[in-house]
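Chemist: This is a predicted model, with the sequence first.
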Amino acid sequence: MTKIAIAGSGAMGSRFGYMLQAAGNSVVLLDNWAAHVQAINTNGLTVNIAGQAPLQVQIPAALPTDIKEIQDVIILFTKSMQLTNMLQTIQPLIGPKTKVVCLLNGLGHPETIERYLPKTNIFVGITLWTAGLTGPGEITLSGSGSVELQNVAPDSQNAAKALVELLSAAGLKAHYSTDVLFSIWRKACVNGTLNSLCALLDCNIAQLGQTSQATTLLTAIVDEFSAVAATEGVDLQPAEMLAHIMPLFNPEEAGDHYPSMHQDLIQHHRPTEIDYLNGYVARKGTERGIATPVNQLITELVHTKEALLIEK
Ligand SMILES: NC(=O)C1=CN([C@@H]2O[C@H](COP(=O)(O)OP(=O)(O)OC[C@H]3O[C@@H](n4cnc5c(N)ncnc54)[C@H](OP(=O)(O)O)[C@@H]3O)[C@@H](O)[C@H]2O)C=CC1
Ligand SMILES: CC(C)(CO)C(=O)C(=O)O
């Protein structure tokens with residue numbers, strides 16, 4: 001039985017933990033939100049799936065500081081701005097053979113993780129699964145998804161493939177990627193357009209797509225993502241990127257969805273991952289002499305909205 005800790009068990013961490021435990025693994029959900037941990041330990045994790053009666057799933061949960069046992073696998077699922085703190089807290093859980101997987105949205109996470117772990121322990125990727133945290137101890141799941149991941153150390157390829165099998169055996173549809181950095185940039189560019197614009201304009205993806213300004217706005221953001229991606233050896237062609245994003249306007253794709261940044265900022269008045277999306281592009285562009293005024297402005301606007309909405 002594989003011993004798995006989910007480090008950051010909000011919506012996505014709880015989804016992955018629930019599916020991995022159902023596949024026969026020994027899972028513990030770790031989170032700093034004490035009321036969430038307590039609700040899971042008292043009532044079980046409530047899993048709402050459309051068209052089904054809510055499930056009460058018995059699954060152990062704990063504060064990250066309360067678990068000290070070495071794990072086989074740790075899946076990081078904090079929000080980007082919580083990652084460093086989580087990596088510091090879970091050091092006692094990491095042994096020489098522990099595989100640490102990062103599937104967060106956003107840019108720059110592999111570099112952050114490398115400050116706390118040898119490369120041989122690190123596996124990075126993206127996921128197209130979604131989930132919502134409906135309240136303490138309660139998640140809402142819909143749709144399907146997939147995972148792409150790759151080893152950071154060249155000689156850890158077999159370990160990455162074993163992780164792909166572990167996740168796929170739990171129904172998480174994982175694939176081994178031979179160019180995960182491209183996938184991470186492409187997903188960040190989707191989030192850097194749809195998430196920030198829908199949050200700022202208070203609309204869903206279809207509503208954004210119906211505006212006559214959508215193509216101009218997307219193009220301005222994507223062009224800067226492409227220029228900065230090139231400085232990291234990633235070939236993000238603007239035309240291909242737009243062709244990848246625009247189908248999401250369709251309600252049968254993601255049109256009806258309010259992106260996670262809209263949920264964080266507008267619906268829950270919580271901090272956003274903007275500094276790891278548009279903010280990362282603006283920062284790296286400035287450092288590397290590439291003009292990124294559009295992403296700079298978007299980042300400032302989102303931070304202004306955070307200042308207006310989030311209670312101190
Ligand atoms: N949700 C989705 O559909 C998708 C998310 N992702 C990415 O996965 C990563 C994790 O995202 P996600 O699971 O959505 O994150 P959540 O917002 O659901 O949870 C992240 C953490 O935020 C804290 N938190 C959330 N809500 C509350 C609340 N009401 N009160 C107190 N604390 C709260 C908890 O940690 P703490 O108490 O320690 O602060 C929690 O572990 C992100 O990088 C995201 O971009 C990727 C694909 C899809
Ligand atoms: C669904 C999607 C792709 C929308 O940008 C997303 O990743 C999010 O909501 O964060």
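Modeler: Looks like it came in fine. Ligands and ions are numbered 1, 2, ... in the order given.
Chemist: Regarding Gln71, what is its secondary structure?
Modeler: Three-state call for Gln71 (DSSP: H, G, I helix; E, B strand; the rest coil): coil.
Chemist: which residues touch it?
Modeler: Neighbouring residues of Gln71 by C-beta atoms under 8 Å, 6 or more residues apart in numbering: 3-5, 93-95, 98. From N, CA and C alone the C-beta is placed, and that goes for glycine too.
Chemist: where does it land on pLDDT?
Modeler: pLDDT for Gln71: 98.
Chemist: Could you do the one 10 residues further on as well?
Modeler: Looking at Met81, its pLDDT reads 97.
Chemist: ok, the closest residue to ligand 1 within the chain - contacts?
Modeler: Nearest residue of the chain to ligand 1, counting by C-beta to the nearest ligand atom: Gly10, 1.9 Å away. If you count contacts by C-beta under 8 Å, 6+ apart, Gly10 has them with 31, 33, 36, 77-79, 133.
Chemist: Let's see that with 6 Å instead.
Modeler: The contact partners of Gly10, taken as C-beta atoms under 6 Å, 6 or more residues apart in numbering, are Leu133.
Chemist: now Ala227
Modeler: Taking C-beta under 6 Å, 6+ apart, one finds Ile290 in contact with Ala227.
Chemist: and it, what helix or strand is that in?
Modeler: Take DSSP states H and E as the rule and Ala227 turns out to sit in helix 214-230.
Chemist: Report the next helix or strand after that helix in sequence order.
Modeler: With elements assigned by DSSP H and E, the helix or strand that comes after helix 214-230 is helix 238-245.
Chemist: how distant is that next one from the center of its chain?
Modeler: In terms of C-alpha atoms, centre = their mean, to the nearest Å, the gap separating the centre of helix 238-245 from the centre of its chain is 21 Å.
Chemist: next SSE after that helix?
Modeler: For helix 238-245, the following helix or strand on the C-terminal side (DSSP H and E) is helix 260-262.
Chemist: Help me see whether that next one makes contact with ligand 1, please.
Modeler: Yes: interface with ligand 1: helix 260-262 contributes Ser260 (C-beta under 6 Å from any ligand atom).
Chemist: so for that helix, what's the average pLDDT?
Modeler: Predicted confidence along helix 260-262 averages 95 (mean pLDDT).
Chemist: That one vs ligand 2: in contact?
Modeler: Yes: between helix 260-262 and ligand 2, judged by C-beta under 6 Å from any ligand atom, the touching residues are Ser260.
Chemist: and what of stretch 223-237?
Modeler: No: shown here: stretch 223-237 not in contact with ligand 2 (C-beta under 6 Å from any ligand atom), separated by at least 13.7 Å.
Chemist: And that stretch, end to end?
Modeler: Start-to-end span of stretch 223-237 (C-alpha to C-alpha, to the nearest Å) is 8 Å.
Chemist: Same question for stretch 288-295.
Modeler: End-to-end distance for stretch 288-295: 15 Å, by C-alpha to C-alpha.
Chemist: before we move on, back to that, buried subset of the contacts of Gln71?
Modeler: 3-5, 93-94, 98 (16 or more other C-beta atoms under 10 Å).
Chemist: Can you name the residue of the stretch 51-200 of the chain nearest ligand 2?
Modeler: Closest point on the stretch 51-200 of the chain to ligand 2, by C-beta to the nearest ligand atom, is Leu194, at 3.8 Å.
Chemist: hang on, that residue in a helix?
Modeler: Yes: per three-state DSSP, Leu194 lies within a helix segment.
Chemist: Could you pull up the residues touching it?
Modeler: 205, 259.
Chemist: and what of the one 4 residues further on?
Modeler: Residues touching Cys198, when contacts are defined by C-beta under 6 Å, 6+ apart, comprise 208, 259, 262.
Chemist: Please, which helix or strand holds it?
Modeler: Using DSSP H and E, Cys198 sits within helix 196-201.
Chemist: How about the helix or strand just after that helix and ligand 1, any contact?
Modeler: The helix or strand immediately downstream of helix 196-201 is helix 205-210, counting by DSSP H and E. No: counting by C-beta under 6 Å from any ligand atom, ligand 1 has no neighbours in helix 205-210; the shortest distance is 13.1 Å.
Chemist: could I have helix 205-210 exported to PDB, CA atoms only?
Modeler: What follows is helix 205-210 as a C-alpha-only set of coordinates in PDB (Å, rounded to 0.1, in the frame of the first residue of the first chain):
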ATOM      1  CA  ILE A 205     -15.400  32.500 -19.700                       C
ATOM      2  CA  ALA A 206     -18.300  32.600 -22.200                       C
ATOM      3  CA  GLN A 207     -19.200  36.100 -21.300                       C
ATOM      4  CA  LEU A 208     -15.600  37.300 -21.800                       C
ATOM      5  CA  GLY A 209     -15.600  35.500 -25.200                       C
ATOM      6  CA  GLN A 210     -18.800  37.300 -26.300                       C
END
